[in-house]
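K.L.:
Build the 3D model from these lines:
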Amino acid sequence: MDEISKDVLMKVKNGDLYAFEYMLSFYEKAVFNYCKNITKNIEEAKDITQETFIKIFTHRKSIDPEKKIKTWIFTIATNTAYDSFRKKKRKNETSLDEEIETISATKTYYPKEGLKSDIEKAMLQINKEYREALLLFYQQGFKYEEIAEILEIPVNTVKTHISRGKEQLKDILKDYGKN
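P.N.:
I've put the predicted structure just below:
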């Protein structure tokens, strides 16, 4: 089951905390994983996930049970992540965790870490817009139209981002294991 029922959505819309808690448990892990992959920072991903669900509860009256709630939730998560990036940029802050992650993302290939680790490292090296589109498409299973709505870009741009992201990944991964 990809979506929660319209009945639950109506209860959330009307302020039912148990229904909201159910919705939270249903989508929290997927939102966190998405945020973790676009921020590259676990603590920041936790904060963005929490802020996303606070916004969802605050704006629950605008829930439309006839539309896909998952798309709406991921739109809020994406916008919350962008807000976080902008705030961070204004403060011009860099955490020690980010420095360590950036350094480890550029390290050479270690066979014992395996393909999954290689792909995760390569994902950190590709263009941010391409990474977001790839994560929404492959990790979260959204369709092109849904990704376009979440990222607020045209469908053809989504297709381009996915195609270029795959090309960048292919170029990065072809050099892995040649050491």
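
K.L.:
Could you list the single helix or strand in the protein with the lowest mean pLDDT?
P.N.:
helix 96-105 (a mean of 42; mean pLDDT, DSSP states H and E).

K.L.:
Next one: Ala19, what pLDDT does it get?
P.N.:
At Ala19, the pLDDT value in this model is 95.

K.L.:
repeat for the one 4 residues further on
P.N.:
Reading off the per-residue confidence, Met23 sits at a pLDDT of 95.

K.L.:
Also Lys61?
P.N.:
Listed pLDDT for Lys61 reads 94.

K.L.:
what does Gln125 give?
P.N.:
87.

K.L.:
any idea how far it is from Thr157?
P.N.:
Distance, Gln125 to Thr157, using C-beta to C-beta, to the nearest Å: 21 Å. C-beta coordinates here come from the backbone N, C-alpha and C atoms, glycine included.

K.L.:
Can you pull out the low-pLDDT segments for this protein?
P.N.:
1-2, 90-117, 176-179 (pLDDT under 70).

K.L.:
got the residue ranges for the helices in it?
P.N.:
Here the chain has its helices, by DSSP state H, at 6-13, 17-39, 42-58, 69-91, 96-105, 114-125, 128-134, 144-151, 155-173.

K.L.:
How about the contacts made by the most centrally placed residue in the chain?
P.N.:
By C-alpha atoms, centre = their mean, the mean C-alpha position of the chain lies nearest to Tyr34, the distance being 2.7 Å. Contacts for Tyr34 (C-beta atoms under 8 Å, 6 or more residues apart in numbering) come out as Phe74, Ala77, Leu135, Leu136, Gln139, Gln140.

K.L.:
ok, it to Leu24 distance?
P.N.:
From Tyr34 to Leu24 the distance is 15 Å (C-beta to C-beta).

K.L.:
ok, now Glu132?
P.N.:
23 Å.

K.L.:
Same drill for the two, tell me which one is more crowded.
P.N.:
Remark: of Glu132 and Leu24, Glu132 carries more neighbours, 23 against 17, as counted by other C-beta atoms under 10 Å.

K.L.:
So the more buried one is in contact with Asn79, correct?
P.N.:
No - counting by C-beta atoms under 8 Å, Glu132 stays clear of Asn79, with 11.8 Å between them.

K.L.:
Quick check: closest non-adjacent residue to Ala30.
P.N.:
In this structure, Ala30 finds its nearest non-sequential neighbour in Gln140, 6.2 Å apart by C-beta to C-beta, 6 or more residues apart in numbering.
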